[in-house]
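Q: My questions concern the predicted model and sequence given below.
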Amino acid sequence: MKKNKTVLRIVSLVAFLTLGLNVTAQEKPNVIYILADDLGYGDLSCYGQKILSTPNIDRLAKKGMKFTDHYSGNAVCSPSRAVLMTGQNPAHVYITGNSKAEPGMDSEMTVLPELFKSAGYVTGAFGKWGLGDTTAKDNRNPLHQGFDEFYGWKTQVTAHTYYPTKMVHNGQEVPIKKGTYVHDVIMEHAFDFIKENSKNKQPFFCYIPTAIPHAAMHAPKKLHKKWRKKLPQFDTIIGTYYADPEPTPDVINPIAGFGAMVEHLDNQVGQILKMLKKYKVDKNTLIIFTSDNGAHHEGGHNPEFWNSNGPLRGGKRDVYEGGIRAPMLAHWPTKIKAKSTTNLPSAFWDVMATMADITNQPIPNQCNGISFLPTLLGNTENQQKSDYLYWKFTDWQATKHAVRIGKYKGISIHYNKSKKHKEHTAAFELYDLSNDIGEDKNIAVQHPAMVKKMKKIINDLNR
């Protein structure tokens, strides 16, 4: 992939200049990146969701671009976020699974918010950081990674409740009034950040890693009640969900809670769109909406009822498509053609390169990604493509690898020795995603050359 970067940089800059994107500081496009947590590929109505509707998020697709083959950084929260921030694929990023330790990022790297800072942007992050203690005095803290402002949970573990006793604002813990649905406090901080910088005509990068719809399945009381009336058959109580050391209140009808959470987030996306228009920065703001991995089963959530992963196999913690293929929408009026769709295979590690091109900055040396700016601008003939996409996910059960080359997807799983499994490597799996998006038919035997090629990639990346 590195050999393509120089060519890509030239092509992207030509597109940038041709379309008038090499602009003054006041005209630099604002960027709002909304990262849902555990939202499945099929959880938005524009991706086929039938039970609930997401009209405001769908507007991003109707007036922008829908990606059908975009992938998250990994199959769970922390490593996926690490990929996004560093631009490294899972072969090179420092973490490939969730860990209570939540180590910070390498201070020698240029991470995503620092890229924007070097381009003259104000930067803010609001929600679930997931990459270390946000009160720390080192690189675990987002304020030490290029963000000017942060409001959110202290750690990834404490983000398992929407009713905490305290949150963190700019490195300091602040108390929260009992009974406060803290997601709304987070969003108010994000709204204020957008308002202030829109009014001041200051280019900004607003990163909103919301915890919705991650468990616990807490939702605003009014909306939760509405969805309980729609789905009374699921009125069971799910007790305390892990969020040590914060309390986690019981949830009555977590399935209704999911519907309420997604509707609430959709309403807030509508508020952002309205706000941008009010302050006349809507045409100069790129909004990207996506998810960090596939749908989960925790806290009483039932992805099968919601068909959360649509036609895809698996979910969170899998390297099958359901664990890593993510919805992604890009909305940028006057720059992105309305109702456009792309099947360009892309992933979180491409975001860094894309933002470097958008802000006219050099792509950081550690970045493994390829800019998809040409695709956003409709300049597909000049869009470079990755030689392959690669994922590595590790947990207590196994180490899982996945490789995508063109239409082919390969999977290799090595199970750790446990009560459930003997230590062994499962047979290599190969699927043709062009006619088997559900990864039902293993065609490894019919394509030995492709299997050999993918195994070599895995072995080379893990020496």
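A: Here it is on my side, so go on. Residues are numbered from 1 along each chain as shown.
Q: How about residue 263, nearest residue that isn't a chain neighbour?
A: If the residues on either side of it in the chain are set aside, residue 263 comes closest to residue 223, at 5.9 Å by CB to CB, 6 or more residues apart in numbering. Just so you know, the C-beta spots here come from the backbone N, C-alpha and C atoms, and that holds for glycine as well.
Q: for residue 303, same thing?
A: Distance criterion CB to CB, 6+ apart; nearest residue to residue 303, sequence neighbours excluded, is residue 295 at 3.9 Å.
Q: count of neighbours near that neighbour?
A: Close neighbours of residue 295, defined as other CB atoms under 10 Å, add up to 28.
Q: what about the residue nearest to residue 263, is that helix, strand or coil?
A: The three-state label given to residue 223 by DSSP: H, G, I helix; E, B strand; the rest coil is helix.
Q: Run a quick neighbour tally on it.
A: Residues lying near residue 223 (other CB under 10 Å) number 18.
Q: That one and residue 417, how far apart?
A: Taking CB to CB, to the nearest Å as the measure, residue 223 falls 46 Å from residue 417.
Q: next one: residue 216
A: Taking CB to CB as the criterion, residue 216 is separated from residue 417 by 32 Å.
Q: So which of those two has more stuff around it?
A: Set residue 216 next to residue 417 and count neighbours by other CB under 10 Å: residue 216 wins out with 26 against 9.
Q: Wait, a strand at residue 168?
A: Yes: assessed with three-state DSSP, residue 168 lies in a strand.
Q: buried sites along stretch 435-446?
A: Of all the residues in stretch 435-446, those buried under the rule 16 or more other CB atoms under 10 Å are 437, 438, 439, 444.
Q: mind listing what the third one touches?
A: Contacts were defined as CB atoms under 8 Å, 6 or more residues apart in numbering; by that measure residue 439 touches 312, 313, 314, 320, 321, 409, 411, 429, 431, 433.
Q: export these to CSV and tack on pLDDT and neighbour count?
A: As requested, these are exported to CSV (pLDDT from 0 to 100; neighbours: other CB atoms under 10 Å):
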residue, pLDDT, neighbour count
312, 98, 22
313, 98, 17
314, 98, 20
320, 98, 23
321, 98, 28
409, 98, 24
411, 98, 25
429, 98, 19
431, 99, 24
433, 98, 17
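Q: Looking at these, which one is closest to residue 120?
A: Residue 120 has its nearest neighbour among these in residue 321, at 38.7 Å by CB to CB.
Q: what are the ranges of the helices in the chain?
A: Per DSSP state H, the chain carries helices over the ranges 5-18, 55-62, 77-86, 112-118, 182-199, 221-230, 254-278, 303-306, 321-324, 349-358, 373-376, 448-461.
Q: Can I get the last one in PDB, CA atoms only?
A: What follows is helix 448-461 as a C-alpha-only set of coordinates in PDB (Å, rounded to 0.1, in the frame of the first residue of the first chain):
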ATOM      1  CA  PRO A 448      -5.900 -22.700  -3.400                       C
ATOM      2  CA  ALA A 449      -3.900 -19.800  -4.900                       C
ATOM      3  CA  MET A 450      -6.000 -17.100  -3.200                       C
ATOM      4  CA  VAL A 451      -5.800 -19.000   0.100                       C
ATOM      5  CA  LYS A 452      -2.000 -19.200  -0.200                       C
ATOM      6  CA  LYS A 453      -1.800 -15.500  -1.000                       C
ATOM      7  CA  MET A 454      -3.900 -14.600   2.100                       C
ATOM      8  CA  LYS A 455      -2.000 -16.900   4.400                       C
ATOM      9  CA  LYS A 456       1.200 -15.300   3.300                       C
ATOM     10  CA  ILE A 457      -0.200 -11.900   4.100                       C
ATOM     11  CA  ILE A 458      -1.200 -13.000   7.500                       C
ATOM     12  CA  ASN A 459       2.200 -14.700   8.200                       C
ATOM     13  CA  ASP A 460       4.100 -11.700   6.900                       C
ATOM     14  CA  LEU A 461       2.200  -9.200   9.000                       C
END
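Q: from the chain's centre, how far out does it sit?
A: A distance of 27 Å separates the C-alpha centroid of helix 448-461 from that of its chain, computed with CA atoms, centre = their mean, to the nearest Å.
Q: now the second one
A: Once both centres are worked out by CA atoms, centre = their mean, helix 55-62 turns out to sit 17 Å from its chain's centre.
Q: Tell me which residues of it come out buried.
A: For helix 55-62, the neighbour count (16+ other CB under 10 Å) marks 56, 57, 58, 59, 60, 61 as buried.
Q: Rounded mean pLDDT for it, please.
A: With pLDDT averaged residue by residue, helix 55-62 scores 98.
Q: Hmm, residue 108 and residue 94 touching each other?
A: No: taking CB atoms under 8 Å as the contact criterion, residue 94 and residue 108 are not neighbours in contact, 11.5 Å apart.
Q: CA-only coordinates of stretch 291-303 in CSV, if you can.
A: In CSV, the C-alpha atoms belonging to stretch 291-303 read as follows (Å, rounded to 0.1, in the frame of the first residue of the first chain):
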residue,chain,number,x,y,z
SER,A,291,-20.0,2.6,13.9
ASP,A,292,-17.0,1.1,15.7
ASN,A,293,-18.0,-2.6,15.2
GLY,A,294,-21.0,-4.9,14.8
ALA,A,295,-24.0,-5.3,17.0
HIS,A,296,-23.6,-6.8,20.5
HIS,A,297,-25.6,-9.2,22.7
GLU,A,298,-24.9,-7.7,26.1
GLY,A,299,-27.3,-6.1,28.6
GLY,A,300,-30.4,-7.8,27.1
HIS,A,301,-30.0,-6.5,23.6
ASN,A,302,-31.4,-8.8,21.0
PRO,A,303,-29.8,-8.1,17.6
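Q: What ranges in the stretch 51-200 of the chain fall below the confidence cut-off?
A: In the predicted model, the stretch 51-200 of the chain carries pLDDT under 70 at residues 100-102.
Q: mind running it again at 80?
A: Applying pLDDT under 80 to the stretch 51-200 of the chain flags the ranges 96-97, 99-105.
Q: Give me the contacts around stretch 93-105.
A: Counting by CB under 8 Å, 6+ apart, the neighbours of stretch 93-105 from elsewhere in the structure are 73-74, 76-79, 82-83, 85-86, 90, 106, 111, 130-133, 136, 138-141, 144-145, 155-157, 392-395.
Q: now the residues you listed: which count as buried?
A: Members of these that pass the buried threshold by neighbour count (16+ other CB under 10 Å) are listed as 73-74, 76-79, 82-83, 85-86, 90, 111, 130-133, 136, 139-141, 144-145, 155-157, 392-394.
Q: circling back: now distance to residue 46 too, for the helices of the chain, in a markdown table please.
A: What follows is those, written out as a markdown table (distance: least, CB to CB, whole Å):
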| stretch | distance to residue 46 |
| --- | --- |
| helix 5-18 | 26 |
| helix 55-62 | 4 |
| helix 77-86 | 22 |
| helix 112-118 | 26 |
| helix 182-199 | 22 |
| helix 221-230 | 20 |
| helix 254-278 | 11 |
| helix 303-306 | 15 |
| helix 321-324 | 18 |
| helix 349-358 | 20 |
| helix 373-376 | 17 |
| helix 448-461 | 32 |
